[in-house]
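Engineer: predicted structure and sequence below. I'll ask about it afterward.
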Amino acid sequence: MTQTLKNFLLKLVNDYRSYKAFTSTVKELRALTDKELNDIGINRGDIYSIARMDIDMKKSEDVYANPNLRGFV
């Protein structure tokens, strides 16, 4: 198998996993009541952007660490 084909298939699998995670997150958040969403600080209109942000964070290999919290957590 050539490297190009292997990379293509890996990207295809990763994209599918991202899509499934996105739809799962949206489904779970849409199942919550407005009061439950409000309790966690989410508006119903923000569900898709929050789900997309969650997926983008999972894709990222770099983990953001707030230097101000170092030693306190």
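Structural biologist: Received it, and whenever you're ready, just let me know what you need. Residues are numbered from 1 along each chain as shown.

Engineer: and for D54, nearest residue in space, chain neighbours not counted?
Structural biologist: Closest residue to D54 apart from its sequence neighbours, by Cβ to Cβ, 6 or more residues apart in numbering: T25 at 5.5 Å. Placement of C-beta: from N, CA and C, glycine included.

Engineer: run through the residues that contact the one you found.
Structural biologist: Contact analysis of T25 by Cβ atoms under 8 Å, 6 or more residues apart in numbering lists I50, A51, D54, I55.

Engineer: got a pLDDT number for it?
Structural biologist: Per-residue pLDDT puts T25 at 89.

Engineer: about what we covered before: tell me the one of the contacts of T25 nearest A31?
Structural biologist: Nearest to A31 out of those is A51 (Cβ to Cβ; 12.8 Å).

Engineer: how far away is that closest one from F22?
Structural biologist: 5 Å (Cβ to Cβ, to the nearest Å).

Engineer: same list (the contacts of T25) but as a markdown table, adding secondary structure, pLDDT and neighbour count.
Structural biologist: Formatted as a markdown table, the contacts of T25 follow (DSSP: H, G, I helix; E, B strand; the rest coil; pLDDT from 0 to 100; neighbours: other Cβ atoms under 10 Å):
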| residue | secondary structure | pLDDT | neighbour count |
| --- | --- | --- | --- |
| I50 | helix | 88 | 17 |
| A51 | helix | 87 | 20 |
| D54 | helix | 70 | 16 |
| I55 | helix | 70 | 19 |
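
Engineer: so where is this structure shaky, pLDDT-wise?
Structural biologist: Along the chain, segments meeting pLDDT under 70 span 1, 57-73.

Engineer: L37: neighbour count?
Structural biologist: Around L37 there are 17 other residues, counting by other Cβ atoms under 10 Å.

Engineer: my bad, L29
Structural biologist: Neighbours around L29, by other Cβ under 10 Å: 19.

Engineer: flag every buried residue along the host helix or strand of it.
Structural biologist: Assigned by DSSP states H and E, L29 belongs to helix 3-30. Across helix 3-30, burial judged by 16 or more other Cβ atoms under 10 Å covers F22, T25, V26, L29.
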